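J.: Make a model of this:
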Amino acid sequence: MRNAFACLLLLFFAAPLWAVLGQPVSSVQSDRVQMRGTMRSAAGKGYSVQTITAPYGETVNEYVSPTGMVFGVSWKGPVMPNLSQLLGSYFSQLSQPTTSRRRRSVIVRTSQVVIESGGHPRGFHGIAYVPSLVPANLSPSVVQ
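T.: So this is what the prediction gives:
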């Protein structure tokens, strides 16, 4: 019983932290560590992009507003990232009746979130953004 409790504690504290959609950018560095990747930042007009590239070619872009909130994420690569970590509370939208499923793709468009994901093994891609968090001077199309 004590060993099971110790294992649960270890799993809890070893869980990776991600810069989650709709949350503060403070954990982007944890994403880089979890993905064992390199990170670079780029500034756009009214936003910044934190790009993490993993050793096997996976790339995650995290779009950050001037207020420090992650308003969008995009991904591409040979494996699908852990969407429950990237999307946070918006992950549950993938199982809602408003979800459109086409061959090899999933599209969610609600007033709270837009998620588009698709691909095939060795070629996954997707975007997600929170319309209410996209800076007023930007179009959601900056999330690519």
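J.: what's near enough to touch Gly46?
T.: For Gly46, the contacting residues are Ser65, Pro66, Pro135, Asn137, Leu138, by C-beta atoms under 8 Å, 6 or more residues apart in numbering. Placement of C-beta: from N, CA and C, glycine included.
J.: Please, a PyMOL command that selects the buried ones among the residues you listed?
T.: In PyMOL, this line selects whichever of the contacts of Gly46 come out buried by 16 or more other C-beta atoms under 10 Å:
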select buried, resi 65+135+138
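J.: and which of the contacts of Gly46 is nearest to Phe91?
T.: Here the nearest of these to Phe91, counting by C-beta to C-beta, is Ser65; it sits at 20.7 Å.
J.: does that closest one really touch Asn137, like I thought?
T.: No. Here Ser65 lies out of contact with Asn137, judged by C-beta atoms under 8 Å, at a distance of 10.3 Å.
J.: Run through this structure and note the low-pLDDT ranges.
T.: For the chain, residues meeting the criterion pLDDT under 70 lie at 1-19, 27-35, 37, 97-103.
J.: Pick out the residue nearest the middle of it.
T.: Nearest to the geometric centre of the chain sits Leu86, at 3.2 Å (C-alpha atoms, centre = their mean).
J.: For that residue, which residues are in contact?
T.: Trp18, Val20, Leu21, Val60, Val73, Trp75, Ala128.
J.: Could I have the buried ones of the residues you listed as PyMOL selection syntax?
T.: This is the PyMOL syntax for the buried subset of the contacts of Leu86, where burial follows 16+ other C-beta under 10 Å:
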select buried, resi 18+20+21+60+73+75+128
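J.: Greatest separation within the contacts of Leu86: which pair is it?
T.: The distance between the two most remote of those (C-beta to C-beta) is 13.6 Å, for Val20 and Trp75.
J.: For stretch 113-125, C-alpha coordinates in PDB please.
T.: The C-alpha coordinates for stretch 113-125 follow below in PDB (Å, rounded to 0.1, in the frame of the first residue of the first chain):
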ATOM      1  CA  VAL A 113     -12.300  27.600 -29.100                       C
ATOM      2  CA  VAL A 114     -11.300  26.600 -32.600                       C
ATOM      3  CA  ILE A 115      -9.400  23.300 -33.000                       C
ATOM      4  CA  GLU A 116      -8.300  21.800 -36.400                       C
ATOM      5  CA  SER A 117      -6.200  18.600 -36.300                       C
ATOM      6  CA  GLY A 118      -5.300  16.100 -38.900                       C
ATOM      7  CA  GLY A 119      -2.700  14.100 -40.600                       C
ATOM      8  CA  HIS A 120      -1.400  10.500 -40.600                       C
ATOM      9  CA  PRO A 121       1.500   8.700 -39.000                       C
ATOM     10  CA  ARG A 122       4.700  10.600 -39.600                       C
ATOM     11  CA  GLY A 123       2.700  13.700 -40.800                       C
ATOM     12  CA  PHE A 124       0.500  15.200 -38.100                       C
ATOM     13  CA  HIS A 125      -0.500  18.900 -37.900                       C
END
